[in-house]
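A.B. asks: dropping the sequence and predicted coords here.
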Amino acid sequence: MVKFFATFVLAVSASTAFAQEASESTDIPVPAIIVEGETADLAEYSWDKRPLVVFADSDNDPRFEQQMAYITDGLDELAERDVIVLTDTTPKPLSSLRKELRPRGFMLVLMGKDGSIYLRKPVPWDIREITRAIDKMPLRQQEIRDRREGR
């Protein structure tokens, strides 16, 4: 698990460093998509991002590892849909995310920009399933229509 997490951190760091170098040349800031959720406040993402919260009782949970592998493989698709991934693998003390969403073991929670919960899953979902669920959201449908119309 330590090797996986170290590899994961290195991959994210390398992609972030590459993205930062690219953004420095164009002066466009590149936000971090994956954030530790233990100290996160959902209110700061309201109407700006779609939180995708991944809970586990340990970062050694195989379902957590699989979910994070799915997420890292699909970072571009998630970024396109304004997703912020919040991870919480520390069951005690209870974080504000855990108090609000009350997970039991592994849980994946997809929320809308308005803060409403669209789905809860006790098993990992691949990027295709996640993006399909997002694309069915009313606000996402409006974003797609606005993009087609050039707004």
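C.D. replies: Thanks, I have it.

A.B. asks: mind listing what Arg140 touches?
C.D. replies: By CB atoms under 8 Å, 6 or more residues apart in numbering, Arg140 lies in contact with 81, 134. Backbone N, C-alpha and C define where each C-beta goes, glycine included.

A.B. asks: which strand or helix spans it?
C.D. replies: helix 138-149 (DSSP states H and E).

A.B. asks: would you mark the buried spots in that helix?
C.D. replies: 140, 143 (16 or more other CB atoms under 10 Å).

A.B. asks: can I get that helix as PDB, trimmed to CA atoms?
C.D. replies: Extracted in PDB, the C-alpha atoms of helix 138-149 (Å, rounded to 0.1, in the frame of the first residue of the first chain):
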ATOM      1  CA  PRO A 138     -29.600  19.200 -14.600                       C
ATOM      2  CA  LEU A 139     -26.900  21.800 -14.100                       C
ATOM      3  CA  ARG A 140     -24.500  19.800 -16.200                       C
ATOM      4  CA  GLN A 141     -27.100  19.500 -18.900                       C
ATOM      5  CA  GLN A 142     -27.400  23.300 -18.900                       C
ATOM      6  CA  GLU A 143     -23.600  23.700 -19.100                       C
ATOM      7  CA  ILE A 144     -23.500  21.400 -22.100                       C
ATOM      8  CA  ARG A 145     -26.300  23.400 -23.800                       C
ATOM      9  CA  ASP A 146     -24.600  26.700 -23.100                       C
ATOM     10  CA  ARG A 147     -21.300  25.400 -24.500                       C
ATOM     11  CA  ARG A 148     -23.000  24.300 -27.700                       C
ATOM     12  CA  GLU A 149     -24.700  27.700 -28.100                       C
END
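
A.B. asks: where does this structure have low pLDDT?
C.D. replies: Along the chain, segments meeting pLDDT under 70 span 1-31.

A.B. asks: and the residue nearest the centre of it?
C.D. replies: Centrality entry for the chain: nearest residue to the mean C-alpha point is Val85, 1.8 Å, by CA atoms, centre = their mean.

A.B. asks: is Asp114 in a helix, a strand, or coil?
C.D. replies: When classified by DSSP: H, G, I helix; E, B strand; the rest coil, Asp114 comes out as coil.

A.B. asks: show me what contacts it?
C.D. replies: Residues near Asp114 by CB under 8 Å, 6+ apart: 46-47, 139.

A.B. asks: put together CSV for those, with distance to Glu80 on each row.
C.D. replies: As requested, the contacts of Asp114 are exported to CSV (distance: CB to CB, whole Å):
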residue, distance to Glu80
Ser46, 20
Trp47, 18
Leu139, 14
